[in-house]
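Trainee: sequence-free structure coming up:
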């Protein structure tokens, strides 16, 4: 995913959260500093999510297990639920807990219809 496309899908998700009455923000420097951080933090005052966002035009998204571990570590310290938000071409957003996905030796594998929809997540 290009940086421009990645930023666009993150902003799309931020708008969706705000439209549902949630607060959400992008985390500056996520993926580019030595400390683990998610792409987005979102909360409705009761639920707090640390979300790693990925988009693809392909049939699967492969995320290095080290990146998943960083997301989980951050979420634990922040007392947030770690989620991977996926946006496949011409599909709606889906959200998956990292431990609920298949893995290879080095990657967590995310498929288009895996996880819950945005509406299910924000009920």
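Mentor: Structure received. Owing to the predicted nature of the structure, the values given are computational and were not obtained by experimental measurement.
Trainee: For residue 103, grab the count of nearby residues.
Mentor: The number of residues packed near residue 103 is 14, by other C-beta atoms under 10 Å. C-beta here means a position set from N, CA and C on the backbone, and glycine is covered the same way.
Trainee: So it sits against residue 109, correct?
Mentor: Yes - with contacts counted by C-beta atoms under 8 Å, residue 103 reaches residue 109, the gap being 6.6 Å.
Trainee: Residue 61 and residue 89 touch, don't they?
Mentor: No - using C-beta under 8 Å, residue 61 makes no contact with residue 89, being 11.4 Å away.
Trainee: These two - which one has more neighbours?
Mentor: A side-by-side neighbour count of residue 61 and residue 89, using other C-beta under 10 Å, places residue 61 first with 22 against 9.
Trainee: Okay, now the unreliable bits of this protein?
Mentor: Residues of the chain meeting the criterion pLDDT under 70: 1-3, 29-32.
Trainee: what are the ranges of the helices in it?
Mentor: 3-19, 65-78, 118-121 (DSSP state H).
Trainee: With respect to residue 35, which of those helices lies nearest?
Mentor: With respect to residue 35, and counting by C-beta to C-beta, the nearest of those is helix 65-78 at 8.1 Å.
Trainee: hang on, the earlier thing: tabulate the helices of the chain in JSON lines, adding columns for distance to residue 93 and mean neighbour count.
Mentor: Output for the helices of the chain, formatted as JSON lines (distance: least, C-beta to C-beta, whole Å; neighbours: other C-beta atoms under 10 Å):
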{"stretch": "helix 3-19", "distance to residue 93": "6", "mean neighbour count": "15"}
{"stretch": "helix 65-78", "distance to residue 93": "17", "mean neighbour count": "16"}
{"stretch": "helix 118-121", "distance to residue 93": "5", "mean neighbour count": "15"}
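Trainee: Turn the ones you listed into a markdown table, including distance to residue 43.
Mentor: Below are the helices of the chain laid out as a markdown table (distance: least, C-beta to C-beta, whole Å):
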| stretch | distance to residue 43 |
| --- | --- |
| helix 3-19 | 9 |
| helix 65-78 | 10 |
| helix 118-121 | 12 |
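Trainee: Among the ones you listed, single out whichever gets nearest to residue 53.
Mentor: Closest among those, using C-beta to C-beta: helix 3-19, at 5.1 Å.
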